[in-house]
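Q: sequence first, predicted model second:
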Amino acid sequence: MLERIFPNNEHVVERMLRVVIGLAVISLAFVGPQTPWAWFGLVPLATGVLGSCPLYTLFGISTCRVRTR
């Protein structure tokens, strides 16, 4: 059931980039301009950790390779 809610639709490289970008943006809340806008870094961090992007699911996009059986 969880696979229906959060389908795996991100490639491994994309997931790593999202986590790195999310952490970099969140770090701006502690160093740099220290604005609350930096907490928007939680979005790419969460989607990278989960491996599922809600917008990808909405539009039917997937960057994962197609699995052959």
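A: Looks like it came in fine.
Q: next one: the host helix or strand of residue 21 to chain centre, how far?
A: Per DSSP states H and E: residue 21 is located in helix 12-27. Centroid separation for helix 12-27 versus its chain: 7 Å, with Cα atoms, centre = their mean, to the nearest Å.
Q: elements contacting it?
A: Contact partners of helix 12-27 among helices and strands, from 3 or more Cβ pairs under 8 Å, 6 or more residues apart in numbering; DSSP states H and E: helix 42-50. Where you see a C-beta, it was placed from the backbone N, CA and C, and this is true even at glycine.
Q: what comes into contact with whichever helix or strand comes after the helix it packs on?
A: Downstream of helix 42-50, the next assigned helix or strand under DSSP H and E is helix 54-59. Helix 54-59 is contacted from outside by 7, 9-10, 47, 61-63, using Cβ atoms under 8 Å, 6 or more residues apart in numbering.
Q: find the centremost residue of this protein, please.
A: residue 47 (2.6 Å; Cα atoms, centre = their mean).
Q: got the contact list for the closest residue to that residue other than its chain neighbours?
A: Ranked by Cβ to Cβ, 6 or more residues apart in numbering and with sequence neighbours excluded, the top spatial neighbour of residue 47 is residue 53, at 4.9 Å. Counting by Cβ under 8 Å, 6+ apart, residue 53 makes contact with 9-10, 47, 61.
Q: re earlier: and the contacts of helix 54-59, which are buried?
A: 9-10, 47, 62 (16 or more other Cβ atoms under 10 Å).
Q: show me the shaky parts of this structure.
A: For the chain, residues meeting the criterion pLDDT under 70 lie at 66-69.
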